[in-house]
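S.K.: Next comes the sequence, and after it the predicted model I'd like to discuss.
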Amino acid sequence: MNTKEVLRNPFSSMPHGTAALFFIQIFSCLSYSVLYSSLVLYMRSVYGFSAAEAASITGVFIAYNYALHLLGGYLAGRYLSNRALFSIGMMIQAVGCLLFIVQTPLFLFLGLSAFLTGCGLNVTCVNCMLTQLFKPEDNRRETAFMYNYAAMNGGFLLGFSMAGYFHMMNNYPLLFALSAAGNFIAMCLCFSSWKALHDKKTIYAGLNDRQKRQRMKIGFTSIVLLFLALNVLLHMSSLANRVVLFTGVVMFFVMITLARQQKEIQVKRKLQAFIILTLAGMVFWTLYQIAPMGLNIFIDKNVNRQIVFFGMELTIPPQWFQNVNALIIIIGGPVLSMLFTRWRARGINIHVPGQFCVALLLIGLAFILLPIGIYYADNSGLVNPKFIVWCYILQSIGELLISPVGYAMIGALIPASMQGLMTGIWMMSTGVGAILSSYSSYWMTAGTSSDSPLVTNVGYSHVFGILGVCTLVAAMIIYALIPFLKKYMGISTQSEQSESIAVEL
């Protein structure tokens, strides 16, 4: 295969089904990105929810999306094939989007329950289907995952752009109809490569037809029960928040217990290092997940979104600011990967604790910028949008340093028998961060019902500042612990570190 042909068709050297999964990733992420960026604004503008109510429900939505990935990973390959669960999830997501078109509170919560059921279960299916296309020793897997990571952010870029446009047009029904169309396209793409995406070496694949039918009944029953449970929890967001937090505390003690039970000192130390880094990750995700909640409301009401473009005055939709994040990930991922390769070749020691430290530093600085922007707001209290852009740039670079490496460090630090559980706990930490983000978003506007920037800027500045300072303190703690973490992770030299952890961007 010559270079020119590969450049014309990057999937030409990949297994059949890789290209389909690339486009599946784009269209499957579209509807989630629409809700991620618009849910809090939609509930406020259409249903008149307060900022606190909208942030609380959005926090539950994001938290359970991450928490349910663990359940999806358990059902797929055991009770349903990955391709079947993905297709069912896409169909349920599409139904959820269509339910939003009927703008009543009943259909809002039914739509959220349906969408979350589908989205929460099918995300892991895409990764599993892609993994199974390659043999264990096939190095093309890393390239395929890089393509899919770019495709995911391409879907987010498209979804954020659509959401912003239709938000400004106040045409949410058409936005949700197009989102549902994206889910149907993803489902059709899955059907088009159905044979190539079949399960390989899963429990479900090894069953006979009768056993598969029995397992499928359990799988479908689980999906129905999940929908009903989510419908109840979304109506009681305070209870749902406490459930996630309680589960997070339980998982923390589970990790500590497992670490203490290990007989091998090196395994115990690696688990202890993983616990510390997971807590650091939770701090990062607490600030990161404020973007679709309190930060989105702040941008909508307290930021000057008017720009002059070729002599025309235009208003930037709040969702479009999140495109900065998607663009940084799409462009920055490959660039950062190349930089790391060059630095390692020159003997520069790049290690996971250092990356976590820098990620916390960057997102802490991102939130410190916001009170500064508020201080220099105009006479109407509106903040210059450049502060929001730089906030997103800094936290996006931080995401590149902490998100991909989080999954890579699980394979390096955790014994194979516990990797599934620890992957779920790592994802759960993001969900816990989302709940803490919803609480932070509530504190920003607590005690006031006004939308005037001159009134609300004080609350926003106070909470943004506290979050930024606390995160900078967390970064300094991780910095102080770097020698301890490197020792416990078995990282002493650049060569050892590169052998122990492969950072995939």
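M.R.: Great, that's in hand.

S.K.: rest of the way, CA atoms for contacts and neighbours
M.R.: Noted.

S.K.: Am I right that residue 56 is in contact with residue 439?
M.R.: Yes: look at residue 56 against residue 439 with Cα atoms under 8 Å: they come within range, at 7.2 Å.

S.K.: the more surrounded of those two?
M.R.: residue 56 (28 against 20; other Cα atoms under 10 Å).

S.K.: Quick check: that one is in a strand.
M.R.: No: under DSSP: H, G, I helix; E, B strand; the rest coil, residue 56 sits outside any strand and is assigned helix.

S.K.: Can we start the residue count at 36 from this point?
M.R.: Yes, from this point I'll number from 36; that puts the last item at residue 91.

S.K.: Give the closest residue to it in space, chain neighbours not counted.
M.R.: Nearest non-adjacent residue to residue 91, counting by Cα to Cα, 6 or more residues apart in numbering: residue 473, 5.2 Å away.

S.K.: contacting residues for that neighbour?
M.R.: Applying Cα atoms under 8 Å, 6 or more residues apart in numbering, we find residue 473 in contact with 87, 90-91, 93-94, 325, 328-329.

S.K.: Which one of these is nearest to residue 209?
M.R.: Distances from residue 209 to the contacts of residue 473, taken as Cα to Cα, are shortest for residue 93 (21.1 Å).

S.K.: got the contact list for stretch 158-178?
M.R.: Here stretch 158-178 has contacts from 49-53, 56, 60, 104, 107-108, 111, 117-118, 120-121, 179-180, 231-235, 539, using Cα under 8 Å, 6+ apart.

S.K.: Please apply the same query to stretch 353-371.
M.R.: With Cα under 8 Å, 6+ apart, stretch 353-371 has contacts from 72-73, 185, 188-189, 191-192, 195-196, 198-199, 326, 331, 334-335, 340, 423-424, 427-428, 430-432, 435, 540.

S.K.: cool, and stretch 381-395?
M.R.: Residues outside stretch 381-395 that contact it (Cα under 8 Å, 6+ apart) are 312, 315-316, 318-319, 375, 378-379, 430, 432-434, 436-437, 440, 444, 506-507, 509-511, 513-514, 517, 520-521, 526, 528-529, 532.

S.K.: Restricted to helices, list those residues.
M.R.: 312, 315-316, 318-319, 375, 378-379, 430, 432-434, 436-437, 440, 444, 506-507, 509-511, 513-514, 517, 520-521, 529, 532 (DSSP state H).

S.K.: List only buried entries from these.
M.R.: Using 16 or more other Cα atoms under 10 Å as the burial test, the ones in helices among the contacts of stretch 381-395 include 312, 315-316, 318-319, 375, 430, 432-434, 436-437, 440, 444, 506-507, 509-511, 513-514, 517, 520-521, 529, 532 as buried.

S.K.: Spell out the residue ranges of the strands in the stretch 236-385 of the chain.
M.R.: For the stretch 236-385 of the chain, the strands defined by DSSP state E, counting those that start in this stretch occupy 341-344, 347-350.

S.K.: Mind exporting the C-alpha coordinates of the last one to CSV?
M.R.: As requested, the backbone C-alpha atoms of strand 347-350 are provided in CSV (Å, rounded to 0.1, in the frame of the first residue of the first chain):
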residue,chain,number,x,y,z
MET,A,347,-22.5,43.0,10.3
GLU,A,348,-23.3,42.8,14.0
LEU,A,349,-23.7,39.1,15.0
THR,A,350,-24.6,37.4,18.2
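
S.K.: How many residues are close by residue 162?
M.R.: For residue 162, using other Cα under 10 Å, the count is 16.

S.K.: what about it, distance to residue 107?
M.R.: 12 Å (Cα to Cα, to the nearest Å).

S.K.: And residue 470, by the same measure?
M.R.: For residue 470 relative to residue 107 (Cα to Cα), the value is 21 Å.

S.K.: The two: which is more packed in?
M.R.: residue 470 (31 against 24).

S.K.: contacting residues for the more buried one?
M.R.: 91, 94-95, 98, 276, 279-280, 321.

S.K.: Among those, name the ones in helices.
M.R.: 91, 94-95, 98, 276, 279-280, 321.

S.K.: Now the helix or strand hosting residue 469: average pLDDT?
M.R.: For residue 469, the enclosing helix or strand under DSSP states H and E is helix 454-480. Averaged over helix 454-480, pLDDT sits at 84.

S.K.: in that helix, what's buried?
M.R.: Quick answer for helix 454-480 (16+ other Cα under 10 Å): 454-455, 457-480.

S.K.: same thing with stretch 95-115?
M.R.: Counting neighbours by 16+ other Cα under 10 Å, one finds that the buried residues in stretch 95-115 are 95-108, 110-115.

S.K.: Inside helices: which ones of those?
M.R.: 95-108, 110.

S.K.: From the residues you listed, pick the one nearest residue 139.
M.R.: Distances from residue 139 to these, taken by Cα to Cα, are shortest for residue 96, at 18.2 Å.

S.K.: now the angle from the helix or strand hosting residue 502 to helix 454-480?
M.R.: For residue 502, the host element (DSSP H and E) is helix 488-524. Computed by axes from the mean of the first three to the mean of the last three Cα atoms, to 10 degrees, the angle separating helix 488-524 from helix 454-480 equals 160 degrees.
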